[in-house]
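Chemist: Predicted structure and sequence below. I'll ask about it afterward.
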Amino acid sequence: MPKMTIDGIEIEVPAGITVLQACEMAGKEIPRFCYHERLSVAGNCRMCLVEQEKAPKPVASCAMPVAEGMVIKTDSPLVKKARQGVMEFLLINHPLDCPICDQGGECDLQDQAMAYGHHSSRYSEQKRAIPDKEFGPIVKTIMTRCIQCTRCIRFATEVAGVEVLGATGRGEHMEITTYVEKTINSELSGNLADICPVGALTHKPYAFIFRPWELRKIQSIDVMDAVGSAIRIDARGGEVLRVLPRINDDVNEEWLGDKSRYAIDGLRRQRLDRPYLRVNGKLKPVTWPEALDAIAGRVKGLQGTRVAAIAGDFADAESMFALKGLMNALGSPNLDCRQDGAALDPKARASWLFNSTIAGIEKADAILIVGSNPRWEAPVLNARIRKRYLRGGLKVGVIGPKLDLTYPYQHLGQTGDVLGQVASGAHSFAEALKNAKAPMLILGQGALRGPEGAAVLGTARKLADTCDLVREDWNGFNVLQVAAARVGGMEIGFVPQANGRDVAGILEGASKGEIDFVYLLGADEIDMTRLGKAFVVYQGHHGDAGAHRADVILPGAAFTEKSGIYVNTEGRAQMAESAIVPLGDAKEDWAILRALSEKLGHTLPYDTLDELRRALFKAAPNLQQLGTVVPAGWESFGGSGTLTARAFQMPIANYYMTDPISRASETMAKCTEAFVAPITGTGTHG
């Protein structure tokens, strides 16, 4: 490790890092615009200049590797003058937009001009102006503000994997633009506005709506997919106005998918804000006691086997635990959290977890993706695979439809029998997995749904053995979930009890008149026409499919309006926090179930959320270890049978509309029209 001196302080630093990184290790702040920790080095802006002993001129610290005996000064008169000169050049053509710029208050250029700039400019010529670009419904452009740091180009190319941005022209005529006039078709495009150090790229859905200092900032967890990205919810009054990513190197690094950011405008539309009761075929508003009495009157006298419950994709662990307790008290074994019918084995944790962990993707050297489109199902996780690909030495195989995954792969086929060939060792890709140091299988919900789901799971389990995916220090068997509630539901056992029915059995029983009462906890993705004449209670926050079919509607709180535990696809339990109060007469889901249990004469044994969580942690100890992945034991699971040439059907047909919140979002409707409709030939606003 080389030793160097920074501002008179001798420090030992790791070999291979840059002078900028070494200065930060020494506690010195180095201003920068083009440098970003997760992007390649460009050395464009020169704001990070420092003085190096024996060097003829200041050096760009972001591009200079450390060396033994190097002497650096970060606060000398030469450095101060150099930074003032650089800042003067950067501001030559920058417009005086600060009072009307959405970046105001969060602008690196503002902050560094104050800290390192000069009090006046010597430039008196006319400023240049650049036409704004049309990047689509997500990113707003004011390109005259651009300082040509090229962060956006490097992010789009390296992280998002969409090579559409570049620089044209030279000198004063240089512009950042798309190669041809087109929108930025990436599920990670919102990050472009985050990394822009000036106001050239901002968030179009948030334009001119707020100032950052007006907002309350609440740290929470994203539930729009199963990755569990760390987010910050910004709210004003009783409204969520913005969602931004937080840094979590183990999960999302500092990136966030567009749906997770911009679907929040759907929280204001089609909301359920009061209880409803269906009278003479029409829903009419009622009071809470009237709604609960109607449910109690219908449940009274029913056998437990004629009662069922299905949990949806946004349900928190506490509400599912309360509903399970209520169903047990009623004597009902018919409950399920797998509303898509995926064949996850309740007896084996390893059968539903991403066992390698998301960060473990960076160790893999061979990946087989089966029945999954990670670019749509988990954009941040897909970016991690691309990051691993860019390092080299990664071989990727795909069984499923041909997709643009932002990295090259070998397409092995679309049907289940190809998976059987790999598992038996008859396929050439089996050798690639066997010879890999850290082989990985990513099994998607598209493979686990349908009549062969259990056989697919069993075959994948066999593949893990034949290709040596599971070793003493490595578990390469991974299931990629798409629903934030799924792993939490599996952990607490929200699955059919002894002799109970799963989702398919519940729907079949309801259609045949064998199930008289169905409780939907935010479940909207099932075939409502198969519920027959059953009495349906829908507890949720949006007027989506479940509410349209319901006989009683109980308005619940959205994920931004309650504190709840969600478990991501790795099995990492995390706490989502309340940013605003529930809308209208809506209540937190656990509290609704607690009140209902009292009406039904089976009062749940807790009166507060803390008491409920103590009972939850006792029943499912893994959930108590917040932020930690508890490894699963390796055991047998899955069904048997020979896989046929049945093509896998992807669980997501439109990334921008997958749930009640995103289907109610105006921004997601615009994205669907811009990106999905041209591909499918249909235009829909959900």
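Modeler: All right, it came through fine.

Chemist: doesn't residue 450 fall inside a strand?
Modeler: No: under DSSP: H, G, I helix; E, B strand; the rest coil, residue 450 falls outside any strand and is assigned coil.

Chemist: hang on, isn't it packed against residue 649?
Modeler: Yes: using Cβ atoms under 8 Å, residue 450 is in contact with residue 649, at 7.1 Å. Yep, even glycine has a C-beta here, placed from its N, CA and C like the rest.

Chemist: Same drill for those two, tell me which one is more crowded.
Modeler: residue 450 (19 against 14; other Cβ atoms under 10 Å).

Chemist: In contact with that one, which residues are there?
Modeler: Residue 450 makes contact with 341, 646, 649 under the criterion Cβ atoms under 8 Å, 6 or more residues apart in numbering.

Chemist: and the last one, that's in a strand?
Modeler: Spelled out, that is residue 649. No: looking at residue 649 with three-state DSSP, it is coil, so not inside a strand.

Chemist: which stretches of the stretch 401-550 of the chain form strands?
Modeler: 410-413, 439-444, 470-471, 474-475, 477-480, 517-521, 535-540 (DSSP state E, counting those that start in this stretch).

Chemist: for these, which one sits closest to residue 207?
Modeler: strand 535-540 (30.6 Å; Cβ to Cβ).

Chemist: re earlier: going by distance to residue 206, which of the contacts of residue 450 wins?
Modeler: The closest of those to residue 206 turns out to be residue 649 (Cβ to Cβ; 35.5 Å).

Chemist: pretty sure that closest one contacts residue 449?
Modeler: Yes: checked against Cβ under 8 Å, the pair residue 649 and residue 449 is within contact range at 7.0 Å.

Chemist: circling back to that earlier point, list just the nearest of the contacts of residue 450 to residue 200.
Modeler: Closest to residue 200, out of all of the contacts of residue 450 and judged by Cβ to Cβ, is residue 649, at 41.3 Å.

Chemist: separation between the closest one and residue 419?
Modeler: As judged by Cβ to Cβ, to the nearest Å, residue 649 and residue 419 stand 15 Å apart.

Chemist: for residue 569, same thing?
Modeler: 20 Å.

Chemist: same question, residue 530
Modeler: For residue 530 relative to residue 419 (Cβ to Cβ), the value is 29 Å.

Chemist: Compare the two and say which one has the larger neighbour count.
Modeler: Neighbour tally, residue 530 and residue 419, criterion other Cβ under 10 Å: the higher count belongs to residue 419, 29 against 15.

Chemist: circling back: indicate which one of the strands of the stretch 401-550 of the chain is closest to residue 463.
Modeler: strand 439-444 (6.5 Å).

Chemist: quick one: strands adjacent to the closest one?
Modeler: strand 366-370 (parallel), strand 477-480 (parallel) (DSSP bridges).

Chemist: May I see those strands organised as TSV, with distance to residue 502 added?
Modeler: Shown next, in TSV, are these (distance: least, Cβ to Cβ, whole Å):
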stretch	distance to residue 502
strand 366-370	22
strand 477-480	17
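
Chemist: okay, those strands in TSV with mean pLDDT and distance to residue 143 next?
Modeler: Listed next are the strands paired with strand 439-444 as TSV, based on pLDDT from 0 to 100; distance: least, Cβ to Cβ, whole Å:
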stretch	mean pLDDT	distance to residue 143
strand 366-370	97	38
strand 477-480	96	38
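
Chemist: wait, which of the ones you listed is closest to residue 315?
Modeler: Among the strands paired with strand 439-444, strand 477-480 sits nearest to residue 315 (Cβ to Cβ), with 18.9 Å.

Chemist: Which positions within that closest one qualify as buried?
Modeler: Across strand 477-480, burial judged by 16 or more other Cβ atoms under 10 Å covers 477, 478, 479, 480.

Chemist: give the contact list for the third one.
Modeler: This points to residue 479. Counting by Cβ under 8 Å, 6+ apart, residue 479 has contacts 344, 351, 352, 353, 354, 443, 444, 448, 569.

Chemist: Repeat that for the second one.
Modeler: Contact analysis of residue 478 by Cβ under 8 Å, 6+ apart lists 353, 354, 355, 356, 440, 441, 442, 443.

Chemist: How many residues are close by residue 10?
Modeler: By the measure other Cβ under 10 Å, the count of residues near residue 10 is 10.

Chemist: before we move on, what about residue 562?
Modeler: Residues lying near residue 562 (other Cβ under 10 Å) number 26.

Chemist: Now do it against residue 335, distance only.
Modeler: Taking Cβ to Cβ, one finds residue 562 at 21 Å from residue 335.

Chemist: measure the residue nearest to residue 278 when sequence neighbours are not counted to residue 281 for me?
Modeler: Leaving aside its chain neighbours, residue 278 sits nearest to residue 551 (4.5 Å; criterion: Cβ to Cβ, 6 or more residues apart in numbering). Per Cβ to Cβ, residue 551 is found 10 Å from residue 281.

Chemist: more neighbours, the two?
Modeler: residue 551 (19 against 5).

Chemist: I figured that one hits residue 520, correct?
Modeler: No: with contact defined as Cβ under 8 Å, residue 551 does not count as touching residue 520 (10.8 Å).
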